[in-house]
Every structure is written in C-alpha cells, then in structure tokens.
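Undergrad: sequence and computational prediction follow.
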Amino acid sequence: MGRLFCLFAATLLVGHATAAVIEKGPPQAAGSPDLITITGVIEPHDDLQFNQVAGTTGQAIVVLNSEGGAVLPALAIGRAIRLKGFSTAVASDTLCASACALTWLAGAPRLAGQTANIGFHASYIVKDGTPSETGVGNALIGAYLNQLGLSQDAIVFVTSAPPEGMAWLSGEKAGELGVQFATYQTQAGSPATVVTQTAPEPYDPMRVAAAFYNALSNADGVSASALVVPEKRGIGPFNEASIHSYFGGLSFPLQLQAISRRGADKVAVAYVYDRADGSACQGKAEVQTTYRYGKTLISKIRALNRC
C-alpha cells in the first residue's frame with residue numbers, strides 16, 4: 001500500500017518526462033521565413049512533432065534553445081532541417097548544447113547571436129532501451145556529420161568532445177574547422193531581430209529538480225544530465241551511462257515523495273527506491289540550482305542520508 005501511495009504521489013508531483021516545446025511562431029512579414037522554436041530537453045519522438053510543425057511551412061529559421069537531450073531524435077530533426085533547406089539559429093545569451101548543437105549544425109545557413117553558447121559533449125545513445133557504446137554512437141554521429149558535408153577535422157572535434165564538461169564552439173574554432181556560420185546583430189524588421197527577442201525561460205528550481213528526479217525514475221541519464229550545468233556533465237553522479245546503469249538496475253524504481261523550495265535557489269527532495277539487492281532507500285537531498293543562459297540548471301546535489 002505504501003509503495004502504491006508513493007507511486008501516486010510521484011505522478012502528481014512530477015508527471016511524465018517533459019519533451020521539448022516545438023512551435024511555429026506568428027506570421028512574419030511577406031517574403032520572410034517562418035520561425036520554428038525548439039525549447040527544452042530533446043526527448044524521443046520529438047522528431048515526429050518537429051516534422052508535423054515543419055510540414056506547415058516551406059521556408060523557416062529553426063531557433064534552438066535547448067540543454068541537449070536524446071541524440072537520435074536530434075539527428076532526425078537535423079536531417080529534416082537539411083532536407084527542407086531551413087536555417088538554424090541560436091540567440092545571444094541562450095544555450096544549445098550536446099544533442100541540440102548537432103541539430104544546429106544542419107542549418108543552411110547557420111546563425112548565432114554574438115553571445116550564443118553552442119557546446120558539444122560526448123554522449124552515449126539509447127536505442128530500443130539499450131545503451132550503445134561510444135564507438136557505435138560516434139559512428140552514427142559521424143555519418144550524420146558527413147552527410148552535412150562537414151570536414152574531417154570538424155567530425156573529429158564533435159565526436160571527440162570531452163565526456164566531462166563541454167567543448168564550446170568559438171568563432172575562432174569554427175574557422176579552424178571550416179564550420180561556417182553567420183553572427184547576426186539586431187536590425188529593425190529583420191528575422192534576426194525576432195530571434196534575438198526570444199524570451200528566456202523563468203527561473204524555476206522546483207520544476208527542474210522534479211524533472212531531474214523524474215529522469216532518474218526512468219533511468220534516463222541523457223535527460224538528467226541535460227539539466228545539469230555544462231561543466232559538470234559526465235562527471236561522477238552526473239554521468240549519463242552511470243545513471244542509466246544504476247537506476248535501470250533497481251528492483252523498485254526511484255519515486256519522488258516530496259519536494260519543497262528552500263530559499264532562493266535550493267530545493268529539498270525526498271524519494272524512495274529499492275536497490276538491485278532489494279534493500280530499501282529512503283533518501284533526502286538538497287538540490288542547488290543556478291540561472292545561466294536563460295535557463296534553470298542544477299549546479300550541485302547534496303545527499304543528506306547517504307542514499
């Protein structure tokens with residue numbers, strides 16, 4: 001009965017994993033491309049949603065504002081963008097990391113605000129519920145990048161991005177790799193102006209903490225890691241493969257029991273799960289959050305009872 005109550009409570013608190021929000025913006029001036037925005041963590045099947053939206057327009061700029069997420073749908077979105085001849089853009093002071101950056105590379109042309117944050121991060125892929133080794137993932141990503149016409153140096157850079165932290169794409173580095181993109185400035189009435197004015201997300205520590213533990217309950221290391229500050233991804237408890245392995249092997253999955261705000265930037269959480277050997281965990285933790293790139297991200301988690 002207790003387990004059933006916990007499961008019910010977790011459903012009320014967290015719900016299902018949140019897919020990216022993919023929307024077409026209001027009509028632009030005659031002759032201007034439509035704007036399609038992709039905001040949030042990219043999840044499986046988001047490519048299907050993108051195809052539905054993209055099917056309603058013949059010319060578009062795809063504005064990306066995403067922490068990253070699942071690689072396979074990100075590649076599928078990228079292929080659709082290249083097939084349709086769409087541009088891609090990342091606005092100033094926003095983030096397009098990991099899987100999102102792979103999608104951005106498909107744009108023709110690519111656009112980036114002067115202070116856009118575009119970063120690559122090594123990741124594994126999950127296909128049919130099974131994580132693929134780095135070699136398989138790199139082969140799929142390499143084939144995709146080759147289809148986009150990127151140089152061998154660029155492919156090596158993307159597929160060799162560090163497993164910890166983030167490899168940021170600067171203008172100088174892009175020049176070395178032959179990755180062409182246009183840095184735009186605000187000009188009244190231009191599509192770039194609309195892109196620049198993309199509204200940042202509100203600071204919401206409760207939502208992000210809940211989403212992180214929902215990802216743990218689904219053993220989804222990719223989505224969990226995407227909610228962490230870029231410099232800590234792939235390290236220790238924020239390693240995607242380790243999250244998938246540990247939480248996917250539990251005899252009873254993690255369920256969030258309670259969540260509450262603690263001050264301006266901290267969230268207290270309580271959760272339960274049974275380890276692989278059947279022993280129970282009744283855990284409590286303090287989640288430290290920060291606001292960067294127009295997003296709420298997790299900077300630290302402190303377990304309060306070693307569980």
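TA: Perfect, thanks for sending it. Residues are numbered from 1 along each chain as shown.
Undergrad: so which residue is smack in the middle of the protein?
TA: Centroid-nearest residue in the chain, with CA atoms, centre = their mean: Gly68, separated by 2.0 Å.
Undergrad: from what I see, that residue and Ile42 are in contact.
TA: Yes: counting by CB atoms under 8 Å, Ile42 is a contact partner of Gly68 at 6.9 Å. Heads up, the C-betas are built off the backbone N, CA and C, glycines and all.
Undergrad: overlap in contacts of the two?
TA: Residues touching both Gly68 and Ile42 by CB atoms under 8 Å, 6 or more residues apart in numbering: Ala99, Cys100.
Undergrad: in this protein, what spans have low per-residue confidence?
TA: 1-18, 127-134, 185-200 (pLDDT under 70).
Undergrad: mind listing the helices for it?
TA: 2-13, 46-54, 71-84, 99-104, 134-147, 152-159, 171-177, 191-196, 205-217, 221-226, 240-248 (DSSP state H).
Undergrad: what is the orientation angle of the fifth one with helix 71-84?
TA: Meaning helix 134-147. 10 degrees (axes from the mean of the first three to the mean of the last three CA atoms, to 10 degrees).
Undergrad: how far does helix 134-147 sit from its chain's centre?
TA: 19 Å (CA atoms, centre = their mean, to the nearest Å).
Undergrad: packing partners for it?
TA: Packed against helix 134-147, as judged by 3 or more CB pairs under 8 Å, 6 or more residues apart in numbering; DSSP states H and E, are the following elements: helix 71-84, helix 99-104, strand 125-127, helix 152-159.
Undergrad: got the buried residues for the longest one?
TA: If you call a residue buried by 16 or more other CB atoms under 10 Å, then helix 71-84 has these buried ones: 71-82, 84.
Undergrad: repeat that for stretch 21-38.
TA: Ile22, Gln28, Pro33, Asp34, Leu35, Ile36, Thr37, Ile38.
Undergrad: just stretch 120-127 next, same as before
TA: Quick answer for stretch 120-127 (16+ other CB under 10 Å): Phe120, His121, Ala122, Ser123, Tyr124, Ile125, Val126.
Undergrad: surely the third one meets Phe157?
TA: Right, the one you point to is Ala122. No: the criterion here is CB under 8 Å, and Ala122 misses it with Phe157 at 11.3 Å.
Undergrad: name the residues contacting each of the two.
TA: With CB under 8 Å, 6+ apart as the test, Ala122 and Phe157 reach no residue in common.
Undergrad: and the closest residue to Asp153 other than its chain neighbours, how many neighbours?
TA: Closest residue to Asp153 apart from its sequence neighbours, by CB to CB, 6 or more residues apart in numbering: Leu177 at 5.1 Å. Counted with other CB atoms under 10 Å, the neighbours of Leu177 add up to 18.
Undergrad: got the contact list for Leu177?
TA: Leu150, Ser151, Asp153, Ala154, Phe157 are the contacts of Leu177 under CB under 8 Å, 6+ apart.
Undergrad: just the buried ones from those?
TA: For the contacts of Leu177, buried by 16+ other CB under 10 Å: Leu150, Ala154, Phe157.
Undergrad: so what's the first one up against?
TA: In this case it means Leu150. Taking CB under 8 Å, 6+ apart as the definition, contacts of Leu150 comprise Leu105, Val158, Leu177, Gly178, Val179.
Undergrad: among these, find me the one that's closest to Gln255.
TA: The closest of the contacts of Leu150 to Gln255 turns out to be Val158 (CB to CB; 36.9 Å).
Undergrad: surely that closest one meets Ser98?
TA: No: if you go by CB under 8 Å, Val158 and Ser98 don't touch, sitting 10.4 Å apart.
Undergrad: and those two? Which one has more around it.
TA: Between Val158 and Ser98, counted using other CB under 10 Å, the more crowded position is Ser98 (30 against 24).
Undergrad: which strand is the longest one in this structure?
TA: strand 280-292 (DSSP state E).
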